[in-house]
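> structure here, sequence nowhere to be found:
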């Protein structure tokens, strides 16, 4: 009986994982590149992403805001020496878009607003994301 329950649980788990869709959106600004990845199932949305600085100056301070149809996530970073890439980490929720097409629409509406400081001043850039 125990082996049957374990087998049944494993089959349910594998079936749930097989419905996962992964969708990636990217964008380019003058001095930043960005990406955001959605991993969706019927009941869960997980997202992760990041930004990368392509400029020549040393970054002193960076704030970002990721705005999607599902909400907004903000962060701030004091980059380490020579650091140009910043990860948003992973977040998730139990209210995913109803279909893959809706997730693509959401990502195509997504923007990332970046403010950063170097020794020469403070700057802003907004990047619009598009699904590849």
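In hand now; what should we look at? Keep in mind it's a predicted model, so treat the numbers as computed, not measured. Numbering: from 1, shown residues only.
> okay, CA-based contacts and neighbour counts for the rest of this
OK.
> contacts only, for residue 106.
When contacts are counted by C-alpha atoms under 8 Å, 6 or more residues apart in numbering, residue 106 touches 68-70.
> change it to 7 Å
Taking C-alpha atoms under 7 Å, 6 or more residues apart in numbering, we find residue 106 in contact with 68-69.
> what residues of the host helix or strand of it count as buried?
Assigned by DSSP states H and E, residue 106 belongs to helix 100-109. The neighbour-count criterion (16 or more other C-alpha atoms under 10 Å) identifies 100, 103-108 as the buried residues of helix 100-109.
> with distance to residue 57 and pLDDT as extra columns, can I get the residues you listed in CSV?
Converted to CSV, the buried residues of helix 100-109 look like this (distance: C-alpha to C-alpha, whole Å; pLDDT from 0 to 100):
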residue, distance to residue 57, pLDDT
100, 39, 86
103, 36, 88
104, 34, 92
105, 35, 92
106, 33, 90
107, 30, 93
108, 30, 94
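> what is the nearest of those to residue 92?
Among the buried residues of helix 100-109, residue 103 lies closest to residue 92 (C-alpha to C-alpha), at 13.6 Å.
> for that closest one, give me its contacts.
residue 97.
> 10 Å instead?
Shown in contact with residue 103 (C-alpha atoms under 10 Å, 6 or more residues apart in numbering): 21-23, 38-40, 45, 68-70, 96-97, 109, 131.
> with residue 32 instead?
Counting by C-alpha under 10 Å, 6+ apart, residue 32 touches 51-55, 84-85, 114, 125-127.
> next one: it, what pLDDT does it get?
The model reports residue 32 with a pLDDT of 98.
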